[in-house]
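Q: With the input below, show me the fold.
(2 chains)
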Amino acid sequence: MSVVAKFRAPGWYRVLISVPLAFAFSIALTAAVRAAYGWDPIVDWTSVTTVSLIAMPLAFLVAIGCFTYWFDWALGKPTVPDDHSSHGATSWRDYFKVNTDHKVIGIQYIVTTFFFFILGGLMAMLIRAELTQPGTQFVDPNTYNGLFSVHASLMIFLFIIPVFAGIANYVVPLMIGAPDMAFPRLNALSFWLLPTAGVMMMASFFVDGGAFATGWTAYAPLSTEAPLGQQFFTIGVQFAGASSIATALNFLVTIITMRAPGMTFWRMPLMVWAQFTTSLLVVIATPFIAGSQFFVLLDRSLGTDFFTAGAGGDVLMYQHVFWFYSHPAVYIMMLPGFGIVSEVISTHARKPVFGYRMMAFSLVAIVILGFTVWAHHMFVSGMFAWLRVPMMITTMLIAVPTGVKIFSWLGTLWRGAIHLTTPMLFALGFITMFTLGGISGVMLAVVPIDIHVSDTYFIVAHIHYVLFGGSVFTIFAGIYHWFPKMTGRMYDESLGKLHFWLSFVFFNLTFGPMHLVGVDGMPRRVADYADQYATMNAIISVSAFLFGLSFLVFLYNMVTSWRNGPKAAGNPWRAHSIEWQVSSPPPIFNFDEIPTVVGGPYEYGVPGAVHAVFADKKAPVGASPTPAGGGAPPPNEA
Amino acid sequence: MFWVVVLSVAATAIGIAISLAIDWFPTQASSAAADIDTLYDVLLIVSVPIFVLVMAVVIYSVYAFRVKPGDMSDGAPIHGNTRLEIIWVTIPLIIVSVLAGYGWIVLDDIEAKKADTLVVHVTGQQFAWSFEYPGQGKLQSNQLVLPKDRPVHFKVNSKDVLHDFWVPEFRLKTDAVPGITTDIRLTPTRLGSYPVVCAELCGIGHSTMRQTVRVISAEDFDAWVAEQRQGDEDGGMEAAGGDPLEAGRKIFTDTGCNACHTLADAGSTATVGPELDDLAAQAARYAKREGQTPAEYVKASIEDPDAFVVSGFQKGLMPGDYSNQLSAAEIDTLVEYLLTVSNGKEAQ
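A: Purely as a prediction, here's the structure:
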């Protein structure tokens, strides 16, 4: 390829040219407008930054090639024939290109999100370092506020929400017997939107005034008056949100229209149910956070007064709109984990999921109830007082479908044949800690308790029990469970178990004591605190550092196993669902022969039961045939 | 199986005993505290058996149904049990309904309106609280002082961003919201000094936005009100026994200057605003440039902080209304105090 062609073709060379051009465009546009109005100075870096934050990511997406097919088609140019020629990845370089294969995108998602997970985790370490003693140790108060704000934003918008999308991207099409997602090009765009949001949030540390420092909640009017770094959050969230919405639409269409013959809704694995209900939540709720951040952006950049009390604005409106997304977001971060845990427990306990239909109904119930509880985050906000009791009741009602799920998992364990593998350990650890997080959640729903503990470390403890002990443990369970499928290699079981026990112990030592300091009166989001909390905080910090180190065991296990682990069989867990009936990793187009679904996905222990069959028993490309059946012996493929 | 039940009951008893033995809350200093603490204890008592039940099933299952690696057997093909599923929907429904009802009763109880209420206007601003007593001749103060056993109605407001007015010993908190007035009603029930904490992220000085509330007897309260009036006139001299440094130190901490400024004499270490330990030297230098005396420079910096901002700090960081909060005499006392103690430091 000639040099010119290299810079014209979609890819990183074109990115190198386009992104600086977009920056130059931003300077030119703002300068032209300011000159036209006669404003001084002509080049205003705040305006330039705002326009750049929109122009540069768009330029990046175009240059890397996310829109190439659509532009060619719209212009009437010859398009690359839709032969999925970009499917599959033959070298690590392929993961840095736009690719429409759902399996490649799944890996891209997972690796990218874990990268931001590590960054967010390092920030957590800095936060705990600062809090080891009262007073100021390492960072000034402004940097501290920036650290916890970026930490939370990365963990929520760049890790938990998208990593679930990544895992589901890989396994859901396989599970429903589809060759790919419904909209592969949209799928690729969804992925590439993500790193732009992450880079943006990290970049906020380098601008004047420091990173955005108003928490991930970005309450107005603090956020409308904050320095330039806030703009990086306000706009970054739009990119992460667009990614989320696009991929959720993709899942909905894929699950509704691309199920294999015989795959009725009541034969879908619960992982698919979970992804379906999560996607409903995302599509309905995410536009609200986009709206709230657009209001902030307009207040900041165009001088509107949505949240200016003296000028007809309403400060509390921000919180209502924000939480109308951000409470459902808690379920967006939890329902996919419920799906993973159902798969893991059923497979590794070798028993049908107890009360399968109730498990699906409870997901739907949580989706509906999840939209009726947002104001429980606002019990002390000064909103109209009457709304508190109805929101307390709806919030506590969510404990019922959630309880159904926990009890049904227990029912699934009962009289199973339990294999205590790493994914199973993480699933059981999840049940333990999510029960604790659920209990503290019910306590928080009771208004008088909430009035005392809201905005304290009790909240910090609760949210980490739900999002780390809950969501992240399910993520680890899912990663270990599908690691053989995704990489074609087995992880190291001993290291996996070590990782589990270290995480489990130090997680509880880190976040357990936070309940105590919270009830005792220590507010959250503080760089400095009263001396009476010093001992507890020293203990918490030391535990947190050890907890952080435990992650290295996971990282080492993943990297070495992916490179050198023993080859994995197509179906090492002897599971029934379809993704296990093909080779590990699956053939490029998933199935040569679309399977026909003939029964439920969890018929363990039922003699001769089969979930799906391949019509002519011919193995998919590169795969050894594995019988899809109940107590059949495992094939010796490795 | 018998032993599983026995162990679970024992674990429940121990769990409840431990959770009740923990001294969770700070001192009970308001009428709301006992009700809320009891509610919390009840929630703990209900929660422990639920957690023990879940753990018992998990641990027993792993103990009883675990198989060796390589075991090819499957579990029992049980798909569900309608009766069991109805039970585990119904019982949690009853539990949360009862708890919600109880919570509602407590809420009504702690927020009930009472007669003979002392009204206190609370104003939050970056990064200090100020208080006004409309029934005491609109007395303005930077200290919160309350008479014991008299119902108080706090009317809370903010001048800039969201804050949250909280005294952990009183249990109740509410956001201070620009544009609206929020309320807390409670009765202080215990003599003593307790922290006033800002619980809503309000910016760079949020962590150090801490002041003190003093609950004193009704007679002492009346005396305090009279003393404050006097203090407005004599700059707090009489209250400090005529010691100008003591009077200045008191104004410095009561006004919340220590939330942002480091000053060794007052024991403060905050770094939101400029350090004041070498203020005397700094003031002499800056004052010369501006053509003022050092005292005029310091006074101007208190009354109109944005007029001259020390390099490295932002405009608008320090509230600009201290000339309303403090009387002229009090500001003079404060200026003299600052210049005196920072001068001593430099001489060392």
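
Q: per-domain residue ranges of chain B.
A: B:2-60+B:83-110, B:118-217, B:244-347 (automatic domain parsing).

Q: Revised request: answer the last question for chain A.
A: According to automatic domain parsing, the domains of chain A span A:3-74, A:106-323, A:334-568, A:574-638.

Q: Lowest average confidence across those, which one?
A: Mean pLDDT is lowest for domain A:574-638 among those, at a mean of 73.

Q: Can you give me the separation between the most centrally placed residue in chain A and A:Ser583?
A: Nearest to the geometric centre of chain A sits A:Ile161, at 1.8 Å (C-alpha atoms, centre = their mean). Computed as C-beta to C-beta, to the nearest Å, the A:Ile161 to A:Ser583 distance reads 30 Å. In short, each C-beta sits where N, CA and C put it, glycine included.

Q: looking at the domains of chain B, which is closest to A:Thr224?
A: domain B:118-217 (9.1 Å; C-beta to C-beta).

Q: quick one: average pLDDT of that closest one?
A: 93.

Q: And it, how far out from the chain middle?
A: Relative to its chain's centre, domain B:118-217 lies at 8 Å (C-alpha atoms, centre = their mean, to the nearest Å).

Q: Distance-wise, check A:Ser408 relative to chain B.
A: 8 Å (C-beta to the nearest C-beta, to the nearest Å).

Q: right, and that residue touches A:Arg357 too?
A: No - at 10.3 Å, A:Ser408 does not count as touching A:Arg357 under the criterion of C-beta atoms under 8 Å.

Q: Tell me the residue of the stretch 301-450 of chain A that sits nearest chain B?
A: Residue nearest to chain B within the stretch 301-450 of chain A: A:Ala309 (2.7 Å; C-beta to the nearest C-beta).

Q: How about the contacts made by that residue?
A: Counting by C-beta atoms under 8 Å, 6 or more residues apart in numbering or on different chains, A:Ala309 touches A:Pro221, A:Val315, B:Val177, B:Pro178, B:Gly179, B:Ile180.

Q: want to throw the residues you listed into a markdown table with secondary structure and neighbour count?
A: Listed next are the contacts of A:Ala309 as a markdown table, based on DSSP: H, G, I helix; E, B strand; the rest coil; neighbours: other C-beta atoms under 10 Å in any protein chain shown:
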| residue | secondary structure | neighbour count |
| --- | --- | --- |
| A:Pro221 | coil | 24 |
| A:Val315 | helix | 24 |
| B:Val177 | coil | 26 |
| B:Pro178 | coil | 21 |
| B:Gly179 | coil | 18 |
| B:Ile180 | coil | 16 |
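
Q: can you put those in TSV and add distance to A:Val283?
A: Formatted as TSV, the contacts of A:Ala309 follow (distance: C-beta to C-beta, whole Å):
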residue	distance to A:Val283
A:Pro221	30
A:Val315	29
B:Val177	32
B:Pro178	34
B:Gly179	34
B:Ile180	34
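
Q: wait, which of the residues you listed is closest to A:Val606?
A: Taking the contacts of A:Ala309 together and measuring to A:Val606 by C-beta to C-beta, the closest member is A:Val315, at 58.8 Å.

Q: For A:His151, see how far away the closest one is.
A: 25 Å.

Q: Show me the helices in the stretch 1-150 of chain A, by range?
A: Using DSSP state H, counting those that start in this stretch, the helices of the stretch 1-150 of chain A run over A:3-8, A:12-37, A:45-64, A:68-74, A:102-131, A:141-153.

Q: should've said the stretch 151-300 of chain B
A: Using DSSP H, counting those that start in this stretch, helices in the stretch 151-300 of chain B cover B:218-234, B:244-254, B:279-290, B:294-303.

Q: Which one of the ones you listed lies nearest to chain A?
A: Using C-beta to the nearest C-beta, those put helix B:244-254 closest to chain A, at 14.9 Å.

Q: Show me how far that closest one is from its chain's centre.
A: Put simply, helix B:244-254 sits 22 Å off its chain's centre (C-alpha atoms, centre = their mean).

Q: tell me the angle that helix makes with helix B:218-234.
A: Between the axes of helix B:244-254 and helix B:218-234, defined by axes from the mean of the first three to the mean of the last three C-alpha atoms, to 10 degrees, the angle is 110 degrees.

Q: Check which helices and strands helix B:244-254 is in contact with.
A: Here helix B:244-254 touches helix B:328-347, going by 3 or more C-beta pairs under 8 Å, 6 or more residues apart in numbering or on different chains; DSSP states H and E.

Q: How many residues are close by residue 155?
A: The chain I'm using is chain A. Using other C-beta atoms under 10 Å in any protein chain shown, A:Met155 has 26 other residues around it.

Q: To clarify, I was referring to chain B.
A: 15.
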